[in-house]
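In: let me see the structure of the following:
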Amino acid sequence: MSSKSAPPPLPEPLGVAVADSHTHLDMQEGTVEEALARAAAVGVTTVVQVGCDIKGSRWAAETAAAHREVHAAVALHPNEAPRIVLGDPEGWSRQGARDAGGDAALDDALAEIDRLAALDEVKAVGETGLDHFRTGPEGIAAQERSFRAHIEIAKRHDKALVIHDRDAHADVLRILAEEGAPERTVFHCYSGDAEMAEVCAAAGYFMSFAGNVTFKNAQPLRDALAVAPAELVLVETDAPFLTPAPYRGRPNAPYLIPVTLRAMAAVKGMDEDALAGAIAANTARAFGY
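Out: Here you go, the predicted model:
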C-alpha cells in the first residue's frame, strides 16, 4: 500500500474523552468493532453514525442498537431527495441507476425516516439541508421540501437536527427561520465564515468542525472557529472524507479526531483538555445522550 492510500498512524491519545459527532462507518474499511476499538484507544469513546438514504439510515439505527458507543442519525441527504423524485440515470449514488419516483416516492421515503426517528437509539434527524454544489436548479424544489419535512420530523420526535449546508448558507438559515429550528440544531462540517458563526451562535446552533479546519486554505473557517462560543463547538471526522492535515487525501476514521481537536485548541487558544471537556459535554447536550 502506498503511503498515499495507507491509513494514517494512531495519534497520541486525548487526556479527556470526546465524541465524533458525524461519521459514516458504513463507508469505511474494516469492521465497526475495529473502528470503535481504534477510536477508543485514543480517547474517542462515542460516535454519531449518520445515514444519507433509507438503507444507510436503517443501518445506522441497527448499528446504534448493537453498540452502546454508537448513536444514530437518520435522513435523506440533500442530494438524495432530488434523485428519488427526478431519478438518477447516471447512478451517482450507492443505489445505482434509478427511475424517477416523483413526489409520492419522496413521501414514502420520508415516512420511513419518520418511523426510524422514533427509535431510542436514533438521537438525530440528519444529515438534511441544502446542497447547491451537487444539485442543480431542477432539484431545488425537492431538496427544500425534503429539508422542511426533516425539520418537522425532528421537532415532533424531539431529536437533534443535523444540517448539511453546501454553498447554501443564506437559504439554509432562511428555511430554519421560516420553519422554526428544532431546539438542538447542528451545522455538520461547518463551512460558514466568522459572520455566519455569530448568526449561528445568536440562534444557539451548534457548529461541528471537521478535518478541513486544518487545511492551508481554510483561514476563513479558522476565523469562524475563533469566534464560535466554546459551548457550541463540536468536532467530527465526516470519515472517510475530509482527513485532517498532514494526512489529507488518506482514509479518514474516528480515531483521527485528536488531530483535528488539537488544531482547534490552537485556533481557540485553549488548553487541549479544556476544549475536549467542553466538546464532550456539548455533544452529549446536542444529541441528548
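In: now stretch 3-16: mean pLDDT?
Out: Mean pLDDT, computed over stretch 3-16, is 92.
In: next, the buried residues of it.
Out: For stretch 3-16, the neighbour count (16 or more other CB atoms under 10 Å) marks 7-8, 11, 14, 16 as buried. No exception for glycine: its C-beta is placed from N, CA and C like everyone else's.
In: ok, stretch 212-226 next?
Out: Neighbour-count burial for stretch 212-226 flags 212-214, 218, 221-222, 224-225 (criterion: 16+ other CB under 10 Å).
In: that one spans what distance, first to last residue?
Out: End-to-end span of stretch 212-226 (CA to CA, to the nearest Å): 15 Å.
In: could you list the residues in contact with that stretch?
Out: Identification of contacts with stretch 212-226 by CB atoms under 8 Å, 6 or more residues apart in numbering yields 189-194, 196-197, 207, 209, 233, 242, 244-245, 248, 259-260, 263-264, 267-268.
In: what about the longest helix in this structure?
Out: The helix that spans the most residues within the chain, counting by DSSP state H, is helix 140-157.
In: and it, what does it pack against?
Out: Under the contact definition 3 or more CB pairs under 8 Å, 6 or more residues apart in numbering; DSSP states H and E, helix 140-157 sits against helix 80-86, helix 102-117, strand 122-131, strand 160-166, helix 169-179.
In: just the angle between that helix and helix 102-117, please?
Out: Here the directions of helix 140-157 and helix 102-117 differ by 30 degrees (axes from the mean of the first three to the mean of the last three CA atoms, to 10 degrees).
In: so which bits of helix 140-157 are buried?
Out: 140, 142-147, 149-155, 157.
In: rewinding a little: for the buried residues of stretch 3-16, which one is nearest residue 253?
Out: residue 7 (6.9 Å; CB to CB).
In: thought that closest one was touching residue 240?
Out: No - using CB atoms under 8 Å, residue 7 is not in contact with residue 240; the gap is 9.9 Å.
In: many thanks, have a good one.
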